[in-house]
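Student: Generate coordinates for the sequence data below:
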Amino acid sequence: MLTAVLKFMADTIAMDFAPHNHGLFLKYTLKCLQHIISSLDGLYHKQIQFNEDDMKNTFLCLKSSFTYAAKVLNMTLTGSSEFSTNSPTVFALANDLLDLILLIESYLGSGYASRLVAAANPWLPDLVLALGSISIPKHGVGSSKHSTASDQMKLCIPKWLLNVAKTELANINDAAEDDGCSEQQKFSAFERLLSMLVMLLKKNSNVMDAVGVIFLDSSLVGLERKDIGLALGLLHFIRFKLFEHDDRDWGDMMLSSLQRIYPKIEREIAEQNHDDQLDKLTFAKDLIEPLWMHHLYETGKVSMSDE
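Tutor: Model (predicted):
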């Protein structure tokens, strides 16, 4: 039923019916996708068993729903004159589409998820732009927009970002133990999707800056919540996946977030008594300290004051 509703809205926007309601359709699309994710999550936690035919039919519905929602996102990005007004919804829809892929891999397996990743490939540029939409300054707007991304992360960090942090943290632990064994569930299809997104980000430094700040703001939320593993995992991803390890050419929005994160880590280290947490904080500081020192003493783009 929801798939049919999503198809109707996508077709209506494509044919430019009721153009003044396109923003409303975008919000309905987001609500539909959130309901699908919630229902899928509920079925998993209730341990509902699917036979193979049920799994195939469920996947086909989920794949169609993803495609129609991505189509709505695409048309919103390319044709809406109210893009700046809709950017929080656009941002939320992009995150939910990524969450849906992750949930499908978690609940239905990597085989089904790989098929969805293949279907998602044409929409990846739209996902990248939608993620950055909340951070990129709009014409005629004087204040910085990446604080809005920070506010969104404080409300709810998307499942896919949490998974990125957990995966990176597991990789850190594996490297430290040198046994290659981790209890962290592997998401091969989603990791392949993530690699494709990173490749797109590296083609445009402005979009990289706008999306990269989302990872940094989420890391800062982790510090504020005393979830040091979340902060460390995301910082590790930024330093080793988004950028080359020795790349110091971060954009202004990311450096603005770094201005808040580095002093926060230093304060947490000074106040921390738990050895395991202290080790994670020290590791996190070591990851970004060369970048901090470079911009503190050579470019002047950060300062000792974190205000």
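
Student: Can you report phi and psi for residue 51?
Tutor: Phi and psi for residue 51, reported as degrees, to the nearest 10, are phi -80, psi 170.

Student: pLDDT below threshold where in the stretch 201-307 of the chain?
Tutor: 306-307 (pLDDT under 70).

Student: three-state assignment of residue 244?
Tutor: coil (DSSP: H, G, I helix; E, B strand; the rest coil).

Student: from the chain's centre, how far out does the strand or helix carrying residue 90 sit?
Tutor: Using DSSP states H and E, residue 90 maps to helix 83-108. Centroid displacement of helix 83-108 relative to its chain, using Cα atoms, centre = their mean, to the nearest Å, is 8 Å.

Student: Just the buried residues of that helix, please?
Tutor: 83-84, 86-108 (16 or more other Cβ atoms under 10 Å). C-beta coordinates here come from the backbone N, C-alpha and C atoms, glycine included.

Student: other SSEs contacting it?
Tutor: helix 22-45, helix 52-79, helix 110-120, helix 124-133, helix 146-155, helix 159-177, helix 188-201 (3 or more Cβ pairs under 8 Å, 6 or more residues apart in numbering; DSSP states H and E).

Student: How about the last one, which residues are buried there?
Tutor: For helix 188-201, the buried set under the neighbour-count rule, 16+ other Cβ under 10 Å, comprises 189, 190, 191, 193, 194, 196, 197, 198, 200, 201.

Student: likewise the longest one?
Tutor: When burial is assessed from 16+ other Cβ under 10 Å, helix 52-79 yields the following buried residues: 55, 58-59, 62-77.

Student: Quick one: mean pLDDT over that helix.
Tutor: The average pLDDT within helix 52-79 is 92.

Student: swap in the first one?
Tutor: When pLDDT is averaged along helix 22-45, the result is 89.
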